[in-house]
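>>> Predicted model, plus sequence, below.
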Amino acid sequence: MDRLYEAVEKKGHVCVGLDTSVDYIPEGFKKKFSSVYDALFEFNKKIIDATEDVAACFKVQIAYYEALGIEGLKVYKKTIEYAKEKEAIVIGDIKRSDIADTARMYARAHFEGDFKVDLVTLNPYMGVDSITPFLEYTDKDKGVFVLIKTSNPSSKDLQLLYAGENRVYERVYDMLRSLIEKSIGEYGYSPIGAVVGCTNSDEAGHIRKRLKNMFFLIPGYGAQGGGAKDIKNLLIDKNGGVVNSSRGILLAYRKHGDERFELHAREEALKMREEILNEL
Ligand SMILES: O=c1ccn([C@@H]2O[C@H](COP(=O)(O)O)[C@@H](O)[C@H]2O)c(=O)[nH]1
């Protein structure tokens, strides 16, 4: 998490989301390759090359690759490796959750196996023993982002309910509090971060104050309707979080009516960085 904090200081708050659907690849580009898998990987490479100096990190959404089977997962692996060659910080958006012994296998797969990344997203709703196996890797420079208040409209169905005096998402924080406070990094953040969407600004200030020492991964920007104005209250002292945009960046070229996707992705990431900084 310290490295991510430093990346935000250096490059700004943008996390480029590589949720690359084959449908997002411009036809002209796709035609240059004999397989969709090669097209997918080359598309990702170009996006990484075009945005690496603007992006604090890359978030690779495993679902888009898993959906394509083994060959898709090979592209997931190659994309992570390519970003790592560029010394980028990579978040695997895997949203895993399971009993401790199974969670240990997921942790091994995504922290030391073929799919190894710097940080992963976790679903905490099976309780603390579904999270702790991943924390065995925090002294090896790994971290996790736990879903707290997600960006989707249905997040309110459970996360905003009251469990006693506190909302369910606050109870998740309380469940993790002793683990969070156990290893605070150089900049005041734990290796256990929080996923907090920017589509629910009403709760933002409260969430930021309540979730002390948690660095935020903030989805919901762009395609889901969140904007720069929704970010300010989720950050502390101009840092404390990265803001993800996936479709907003990958598909920026469609607004321009040409296929120069890498150029428009870069422009979009620069614009997003600027818009966020202007609000802080
Ligand atoms: O609360 C959440 C948690 C994760 N996500 C993920 O972020 C991206 C958003 O993609 P956009 O195209 O920028 O909308 C995607 O991978 C989601 O699975 C989220 O949206 N909300």
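Yep, it's here.
>>> same question for the helix or strand hosting Gly193, mean pLDDT?
Assigned by DSSP states H and E, Gly193 belongs to strand 192-196. Mean pLDDT, computed over strand 192-196, is 98.
>>> lowest-confidence helix or strand of this structure?
Of the helices and strands making up the chain, the lowest-confidence element is helix 201-210, at a mean of 89, by mean pLDDT, DSSP states H and E.
>>> List the residues that contact the closest residue to the ligand within the stretch 1-150 of the chain.
Proximity of the stretch 1-150 of the chain to the ligand (C-beta to the nearest ligand atom) peaks at Thr150, 3.0 Å away. Where C-beta positions appear, they are placed from N, C-alpha and C, glycine not excepted. By C-beta atoms under 8 Å, 6 or more residues apart in numbering, Thr150 lies in contact with Gln159, Val195, Gly197, Pro219.
>>> Look up how far Gly220 lies from it.
Distance of Thr150 to Gly220, given as C-beta to C-beta, to the nearest Å: 8 Å.
>>> Give the intersection of the neighbour lists for those two.
With C-beta under 8 Å, 6+ apart, Thr150 and Gly220 have common neighbours Gly197.
>>> Need the residues that contact the least confident helix or strand of the chain.
148-149, 160, 169-170, 173, 196, 198, 216, 229-230, 233-236, 240.
>>> Restricted to helices, list those residues.
Tyr169, Glu170, Tyr173 (DSSP state H).
>>> can you list the residues of the stretch 101-250 of the chain near the ligand?
150-152, 195, 197, 219-220, 222-224, 244-248 (C-beta under 6 Å from any ligand atom).
>>> Could I have the buried ones of those residues as PyMOL selection syntax?
Here is the PyMOL selection string for the buried members of these, based on 16 or more other C-beta atoms under 10 Å:
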select buried, resi 150+151+195+197+219+220+222+223+224+244+245+246+248
